[in-house]
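**Q** Need a 3D model of the sequence below.
(chains A and B)
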Amino acid sequence: MSAISFTSRATPIGRARLGSLTTPHGVIETPQFMPVGTQATVKALSPGDLHAAGVQVILANTYHLSLRPGHERIARLGGLHRFMGWDGPILTDSGGFQVFSLAHLGKVDDDGVTFASHLDGSPQRLTPERAVEIQEALGSDIAMAFDQLVDATLPAAEIAIAMQRTHRWAERCIDAHTRVDQALFGIVQGGVEADLRRESVASISALPFDGIAIGGLSVGESKVQMKHTLEVVAEALADDPRVRYLMGVGSPPDFFIAVERGVDLFDCVLPTRVARTGQLWTSTGRLNLRNARFLDDPDPPDSDCRCEACRNHSRAYLAHLFRAEELLAYRLSSLHNVTYTQDLMRRIRQALDDGSY
RNA sequence: GGGUAGGUUGAGCAGGUGGUGAGCUCCGCUGACUGUAGAUCAGCCGUCUUCGACUGUGGGGGUUCGAUUCCCUCCCUGCCCA
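**A** Below you'll find the predicted structure:
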């Protein structure tokens, strides 16, 4: 018996589908966006803020939490949900992304990866078995397979090596996984090479994963390449009923591209990261609240938004908070962008449902 | 009134004891960010016709081929003494 169940129905819009993912900590309506909470916090936001923004599921990170505060400690304190005070579903990334983003601190071999800790330089070993062990200790609802992500613009031969390694690691993750109350997703790699992507889908989808993730995108390739790759993967996965998760994407335009190609789940640091530097996503476009022109602007960031920042505050106030480096700037702007993203996904679901997409 | 230390591009500084002061940090302006080593990073930040040129070391005057530097004088600021 699986820890999760996913049901979905097709829509008239390309391969877009509407679905429902039931997890041990609640139901997720799809298409759905997960804010990133790497270190057991979506930066600047409390669980209450996340609920207010309409968030249904968040993402946390294996590598970062194993280093600090340590997954054993989190397990002793009752697991990640209790530790961070979030009672909704949690998906944990496996540390695969850190193989990519911290590549200069690590060395990859066929068995796994050795990092120099970015905190103190101490050697840290991550293998498929270790990544699963950590995620089981954290107690996330959905664990991710440990994969090797590489720059999509590398030569095909190099991408193929990382992809094949990812496939071998995927089997080891399945063998290592023991928690019946936790789902495990596999990750398709293969860069922007159609043949490699098809090969990867064949390998990963043949394994008994609870869901299929698409990795290795938004890492240097063009929009056209990303769109094409998604089409190749969607075609190859056409008869697979499992939930599909596009990792690390994205921006509002990306959501439409991916939803129309059958993606059900997204995560991305973008809404919260850009918020902390003053960029707000609104119904009329992007605003950079650090720009001088907002210092006297009495309007709310987005008059169509229901978030706390837009209900109670002006652009001028937020512009002031950013200049003064007041902490409230980061909370209000993050709250807004996460709310905006959630509202956008809800409108996408609504439009797919009532035919107005 | 006497003494002393100073006055450098919005702010704070560095440098320079006769041979081209546009260097730093703030502030400010703009941009980037896609499974977060990111409240981070990058560019710009005297003027202009911007791959360069010009101006600028408190004001004025002097010496000199040449002065931020030496001399005279004035102004301003801090501190000490009276």
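
**Q** For A:Glu235, give me its contacts.
**A** A:Glu235 makes no contacts at all, as judged by C-beta atoms under 8 Å, 6 or more residues apart in numbering. All C-beta spots, glycine's among them, are computed from the backbone N, C-alpha and C.

**Q** what's the burial count for the closest residue to A:Asp210 other than its chain neighbours?
**A** In space, and not counting its chain neighbours, A:Asp210 is closest to A:Ala183: 3.8 Å by C-beta to C-beta, 6 or more residues apart in numbering. Neighbour count for A:Ala183, taken as other C-beta atoms under 10 Å: 26.

**Q** My guess is A:Ala183 contacts A:Gly211. True?
**A** Yes - with contact defined as C-beta atoms under 8 Å, A:Ala183 counts as touching A:Gly211 (6.5 Å).

**Q** which residues do these two both contact?
**A** Shared contacts of A:Ala183 and A:Gly211, defined by C-beta under 8 Å, 6+ apart, comprise A:Ile4, A:Ile142.

**Q** The helix or strand containing A:Phe255: what's the following helix or strand?
**A** According to DSSP states H and E, A:Phe255 maps onto helix A:252-259. Reading on from helix A:252-259 to the C-terminus, the next helix or strand found by DSSP H and E is strand A:265-268.

**Q** one step back: show me what the helix holding A:Phe255 is packed up against.
**A** Helix A:252-259 sits against helix A:223-236, strand A:265-268, helix A:327-354, with contacts defined as 3 or more C-beta pairs under 8 Å, 6 or more residues apart in numbering; DSSP states H and E.

**Q** Quick check: which of those is buried the most?
**A** Mean neighbours per residue, mean count of other C-beta atoms under 10 Å, is largest over those for strand A:265-268, with a mean of 24.

**Q** Make sure A:Gln164 is indeed in a strand.
**A** No - the assignment for A:Gln164, made by DSSP: H, G, I helix; E, B strand; the rest coil, is helix rather than a strand.

**Q** Neighbours of it, how many?
**A** 18.

**Q** So A:Asp240, which state does it fall into?
**A** coil.

**Q** tell me the contacts of it?
**A** Per C-beta under 8 Å, 6+ apart, neighbours of A:Asp240: A:Ser205, A:Ile212.

**Q** what about the residue nearest to A:Arg172 when sequence neighbours are not counted, distance to RNA strand B?
**A** Excluding its sequence neighbours, the residue lying closest to A:Arg172 (C-beta to C-beta, 6+ apart) is A:Pro128, at 3.9 Å. The gap separating A:Pro128 from RNA strand B is 12 Å, by C-beta to the nearest atom of the strand, to the nearest Å.

**Q** Ok, A:Tyr340 next?
**A** A:Tyr340 is 15 Å from RNA strand B, by C-beta to the nearest atom of the strand.

**Q** So that residue versus A:Leu126, what's the distance?
**A** According to C-beta to C-beta, to the nearest Å, A:Tyr340 stands 34 Å off from A:Leu126.

**Q** Kindly check the end-to-end length of stretch A:133-150 for me.
**A** End-to-end distance for stretch A:133-150: 24 Å, by C-alpha to C-alpha, to the nearest Å.

**Q** Spell out which parts of the stretch 151-300 of chain A neighbour RNA strand B.
**A** A:187, A:189, A:213, A:215-216, A:218-219, A:223, A:247-251, A:254, A:267-270, A:272-274, A:276-277, A:279, A:288, A:290-293, A:295 (C-beta under 7 Å from any atom of the strand).

**Q** picking up where we left off before, let me have the helices and strands packed on helix A:252-259 in JSON lines, adding mean pLDDT as columns.
**A** Shown next, in JSON lines, are the helices and strands packed on helix A:252-259 (pLDDT from 0 to 100):
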{"stretch": "helix A:223-236", "mean pLDDT": "96"}
{"stretch": "strand A:265-268", "mean pLDDT": "98"}
{"stretch": "helix A:327-354", "mean pLDDT": "98"}
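
**Q** quick one, helices of chain A?
**A** Per DSSP state H, chain A carries helices over the ranges A:47-53, A:62-67, A:71-76, A:80-84, A:96-101, A:128-138, A:156-176, A:194-205, A:223-236, A:252-259, A:270-275, A:308-312, A:315-323, A:327-354.

**Q** nearest spatial neighbour of A:Gly139, skipping sequence neighbours?
**A** Spatially, and ignoring its direct neighbours in sequence, A:Gly139 is nearest to A:Gly79 (3.5 Å; C-beta to C-beta, 6+ apart).

**Q** just checking, that neighbour touches A:Asp141?
**A** No - using C-beta under 8 Å as the test, A:Gly79 is too far from A:Asp141 to be in contact (10.7 Å).

**Q** Looking at those two, which is more packed in?
**A** Ranked by neighbour count (other C-beta under 10 Å), A:Gly79 and A:Asp141 place A:Asp141 first, with 24 against 16.

**Q** A:Ala10 and A:Ser122, how far apart?
**A** Separation of A:Ala10 from A:Ser122 (C-beta to C-beta): 50 Å.

**Q** Which residues of the stretch 1-150 of chain A lie near RNA strand B?
**A** A:36-38, A:42-43, A:59, A:61, A:64, A:93-94, A:96-98, A:100-102, A:104-105, A:118-119, A:144, A:147, A:149.
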